[in-house]
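Participant: Structure for this input, please:
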Amino acid sequence: MNKQKSTIIGIIIFVVFLGIAYFAYNYLAERYKPTIEAPPTASSTEETKKYPAPDFTVLSQEGKEVKLSDFLGKPIVLNFWASWCPPCKGEMPDFNAVYPTVKDDVVFMMVDLVDGQRETQAKGEEYVVAEGFTLPIYFDVVGGKQQAASIYGISSIPSTLFIDAEGNIVTAYEGAIDQKTLLAGIELIK
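Facilitator: Okay, the predicted model is just below:
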């Protein structure tokens with residue numbers, strides 16, 4: 001009887017723990033949702049400091065080396081992701097939905113962080129094909145493992161940077177963003 005009571009108490013404690021974890025996650029997810037602040041207006045006396053986006057080289061799906069600087073002259077949405085990352089998988093459909101509507105005016109660089117173990121170029125390609133994504137995908141394999149991510153100091157994924165046509169970083173986000181946030185970021189760099 002003693003063993004049965006401890007099992008029941010253990011189950012109750014576990015269920016209570018799951019309930020607390022569920023409510024804590026929902027509370028924190030809502031509280032720390034990314035938001036985009038409007039840039040200073042033209043009448044603002046405060047001058048906006050510009051941060052040049054560092055250049056890097058990645059491999060395209062077609063196997064060609066591509067640099068970020070190849071796309072200067074158009075605004076750029078730069079996203080770092082991997083196929084094993086649940087938040088990355090969560091935001092990719094939003095990026096894929098927005099891409100066709102802005103692809104003539106905005107460059108999307110979806111950079112897969114290939115480490116050769118957990119994430120390989122083949123795994124990234126398989127994921128993109130399986131999901132039917134039409135986004136331009138690039139692989140961070142040129143110049144050593146994850147050179148582009150290293151240049152940008154990417155410590156968690158997904159991470160998204162919004163770069164204006166002159167090559168300046170306007171804003172950036174760590175963590176998954178939704179379609180509304182993506183569109184607001186694009187408005188800031190147009």
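Participant: Do you have the strands of the chain handy? List them.
Facilitator: 51-52, 57-60, 65-67, 76-81, 107-112, 137-139, 159-163, 168-174 (DSSP state E).
Participant: The last one: partners in the sheet, and parallel or antiparallel?
Facilitator: It stands for strand 168-174. Partners of strand 168-174 in the sheet, by DSSP bridges, are strand 51-52 (antiparallel), strand 159-163 (antiparallel).
Participant: Can you say which of those is packed in most?
Facilitator: Mean neighbour count (mean count of other C-beta atoms under 10 Å) peaks for strand 159-163 among these, with a mean of 24. Quick note: C-beta positions are derived from backbone N, CA and C, even for glycine.
Participant: which outside residues touch that one?
Facilitator: For strand 159-163, contacts defined as C-beta atoms under 8 Å, 6 or more residues apart in numbering pick out 53, 68, 75-80, 152, 169-175, 177, 182, 185-186, 188-189.
Participant: Please apply the same query to stretch 138-156.
Facilitator: 54, 56-61, 65-66, 68, 78, 80, 109-116, 121, 124, 159, 161, 174-175.
Participant: what do you get if the cut-off is 7 Å, keeping everything else the same?
Facilitator: Residues outside stretch 138-156 that contact it (C-beta atoms under 7 Å, 6 or more residues apart in numbering): 54, 56-60, 65-66, 80, 109-116, 121, 124, 174.
Participant: Mind checking which of those residues are buried?
Facilitator: Listed as buried from the contacts of stretch 138-156 are 56-59, 66, 80, 109-114, 121, 124; burial here means 16 or more other C-beta atoms under 10 Å.
Participant: okay, the residues you listed in TSV with pLDDT and distance to L18 next?
Facilitator: As requested, those are exported to TSV (pLDDT from 0 to 100; distance: C-beta to C-beta, whole Å):
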residue	pLDDT	distance to L18
F56	95	42
T57	95	46
V58	96	41
L59	95	43
V66	96	45
F80	97	32
M109	98	39
M110	98	34
V111	97	36
D112	97	33
L113	95	31
V114	93	35
Q121	94	38
G124	95	33
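Participant: Tell me the one among those residues nearest to Y99.
Facilitator: M110 (8.9 Å; C-beta to C-beta).
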